[in-house]
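S.K.: got a predicted structure plus its sequence, pasted below:
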Amino acid sequence: MLTENEVCEALREVQDPEAGMSIVDLGLVYGVDVSPARIHVRMTMTSPACPVAPYIVEEAVAAIRAAATGVPDVDVELVWDPPWTPERMSESARRRFGWEQGST
């Protein structure tokens, strides 16, 4: 059985095509629940109007399934609360976009 950290590592392979960065570094992954029968991920987009949301969700499910063979249920849920903010991004992501800590 995968751990939450291992699921997050699998999700690092999923890139937001508009930002060119992993959904983990962008701070889009809000939570991961792992059990032998199910992996449930809560994530968001930078905007509810994100045109690539369905693609990113499909890629996230595929990445988890590839890492967690044998887990019958993989669910990625889009949530909008709390709203995404740049503060959720990793330090390296904020630097890449020129958003230093505390300046957002």
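M.R.: Good, I have the coordinates.

S.K.: ok but residue 33 is inside a strand, no?
M.R.: Yes: membership of residue 33 in a strand is supported by DSSP: H, G, I helix; E, B strand; the rest coil.

S.K.: tell me what the closest residue to it other than its chain neighbours is bridged to.
M.R.: Leaving aside its sequence neighbours, residue 33 sits nearest to residue 40 (C-beta to C-beta, 6 or more residues apart in numbering; 4.4 Å). Placement of C-beta: from N, CA and C, glycine included. In this entry, residue 40 is beta-bridged to residue 33, residue 75, by DSSP bridges.

S.K.: residue 40 contacts residue 7, correct?
M.R.: No: look at residue 40 against residue 7 with C-beta atoms under 8 Å: they stay out of range, at 9.7 Å.

S.K.: now the common contact residues for those two.
M.R.: Taking C-beta atoms under 8 Å, 6 or more residues apart in numbering as the criterion, residue 40 and residue 7 both touch residue 32.
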